[in-house]
Each structure stands twice: as C-alpha cells, then as structure tokens.
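# after the sequence you'll find the predicted model.
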Amino acid sequence: MDLAPLPATAAWRHRDARAGFEVAYFEVLDRGCRIEGMTTAIEDGVTWAVEYFIDLDETGATRGARIRGRSAAGSSSALLEADGAGRWLVDGGPAPHLDGCLDVDLESSAVTNALPVRRMGLAPGAGAAAPAAYVRAVGLAVERLEQTYLRAPDEAAGHSYDYAAPVFDFACRIAYDESGLVLNYPGIAVRALG
C-alpha cells in the first residue's frame, strides 16, 4: 500500500468507551518519524491524561516511547526501548513478554493503531498478526497485546481493516485515510482534524 505523507498534526475525539480528545504531531526524521501527542479523557468516572513521544525507524517499527500519565491515583511514567527486531526494555529492564512485538499500542491513543497498518503495508484481502507492547492509560502498565489486522478486500471500502483483540473480546472495522491514520475507530474515536 502506497501511503501519502503524514500531516503535520491530527486530532481525534474519543467517544463511546470514553469522552476525551487526542492531539498528535508528526515529525519526519532522517531515519524514521517522531510522534508527539497528548490524550485527556474521562472513562468509567475516572479522569486521566497521557503524554507520549514515540520514535519509529525507517521500517515503521517502534524504537522507543516515553510516556507520562496522570490520574487521581497519581503520576506515572514508562520508558520503552526496542531494537526494531522484537526485543524490548521497559524502564531499563528486559521485557521478554514483549518478544516479537514491533509496535507500541497506547490504550489512551487512536494514533497508535496506525503503526502496524503503516508498517505492514498489507494488500487488499491480506491479514497479519501484529502483537504490540500495550501501555495502559491509568498507571502505564506494559503488557503484551495479541491483535490482528485484515485489510478489507474491496477497494470500494477504502483503507479499511478488520481489527481484532481477542483478550478484550473486541473486533471492529477501522477506517484509515490515505496516510494510514485512523479516521473512524468504532466505539473508540473519530478523526476531528488532519
């Protein structure tokens, strides 16, 4: 899939699962991309805010993520480092439970669902597993998330993917724009700008 260049910025309104807003900024680097963003939300009566800095290499694999969070429970932070081949450090220590993951997926973010789509470049009708280093919104615990993406076979569907995360018993069709960023993530977020 040929992708259009990333915009300078994009924003999403969170809906259904939570009420909130996310803004992200994209900087193309010599050997990859940096994404800086912030999400604030109310979910199940709990308020939280998450700020993130994600570095991607030239293949689209996550190479690092610095994340700071705040909720009524207090402040938290997480530092993820990856070698681009599936090995991770979390806060400086080995994280073998993340072996094989190439992407970070923030529970607080709609933008991180673009990372495997952009990295894999699946053809219509093709699908793949894309396990991710999953960072929770409150407390920033880092877990492994098994997930799959299947690109809709019908070109009339545009850049749509059937997404599934079995551990959450969750599946939906996510619509993406020509740059591979989420337009509509049913039950989670809809694009507001960019």
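Structure's in. What do you need?

# let me know the pLDDT of Asp154.
Listed pLDDT for Asp154 reads 81.

# how about Asp30?
The per-residue pLDDT reported for Asp30 equals 89.

# ok, it - how many residues close by?
Residues near Asp30, counting by other C-beta atoms under 10 Å, number 5. Bear in mind the C-beta positions are built from the backbone N, C-alpha and C, glycine included.

# what about the residue sitting nearest the centre point of the chain, distance to Gly45?
When the chain is reduced to its mean C-alpha position, the nearest residue by C-alpha atoms, centre = their mean turns out to be Thr112, at 1.3 Å. As for Thr112, its distance to Gly45 is 24 Å (criterion: C-beta to C-beta, to the nearest Å).

# now His47: phi and psi?
One thing to correct before we go on: residue 47 is Thr, not His. With angles defined as degrees, to the nearest 10, Thr47 shows backbone torsions of phi -90, psi 150.

# pretty sure it sits against Ser71.
Yes. Using C-beta atoms under 8 Å, Thr47 makes contact with Ser71 at a distance of 6.5 Å.

# which one's more surrounded, the two?
Just comparing Thr47 and Ser71: by other C-beta under 10 Å the higher neighbour count belongs to Ser71, 17 against 14.

# quick one, grab the pLDDT at the closest residue to the more buried one other than its chain neighbours.
For Ser71, ignoring the flanking residues on the chain, the nearest one in space by C-beta to C-beta, 6 or more residues apart in numbering is Trp48 at 4.2 Å. Per-residue confidence for Trp48 comes out at a pLDDT of 97.

# contacting residues for Trp48?
With contact set as C-beta atoms under 8 Å, 6 or more residues apart in numbering, Trp48 has these partners: 40-41, 69-71, 108, 137-138.

# likewise Cys101?
For Cys101, the set of contacting residues under the criterion of C-beta under 8 Å, 6+ apart consists of 82, 86, 88, 131-133, 144.

# now, which of those sits nearest Leu102?
Gly86 (6.2 Å; C-beta to C-beta).

# one step back: any figure for the gap between the residue nearest to Ser71 and Trp88?
Trp48 sits 24 Å away from Trp88, going by C-beta to C-beta.

# over to Ala95?
Relative to Trp88, and taking C-beta to C-beta, Ala95 is found at 4 Å.

# compare these two (neighbour count), which wins?
Here Ala95 and Trp88 are set side by side on neighbour count (other C-beta under 10 Å), and the busier one is Trp88, at 25 against 18.

# show me what contacts that one?
For Trp88, the set of contacting residues under the criterion of C-beta under 8 Å, 6+ apart consists of 80-82, 94-95, 98-99, 101, 133.

# shaky segments in the protein?
1, 155-157 (pLDDT under 70).

# quick one: the helices in it?
Remark: helices of the chain, listed N- to C-terminal, are 114-120; assignment by DSSP state H.

# returning to what we had before: buried among the contacts of Cys101? Make that a ChimeraX selection.
Filtering these down to the buried ones (16 or more other C-beta atoms under 10 Å) takes a single ChimeraX command:
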select :82,88,131,132,133,144
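
# cool, thanks, talk later.
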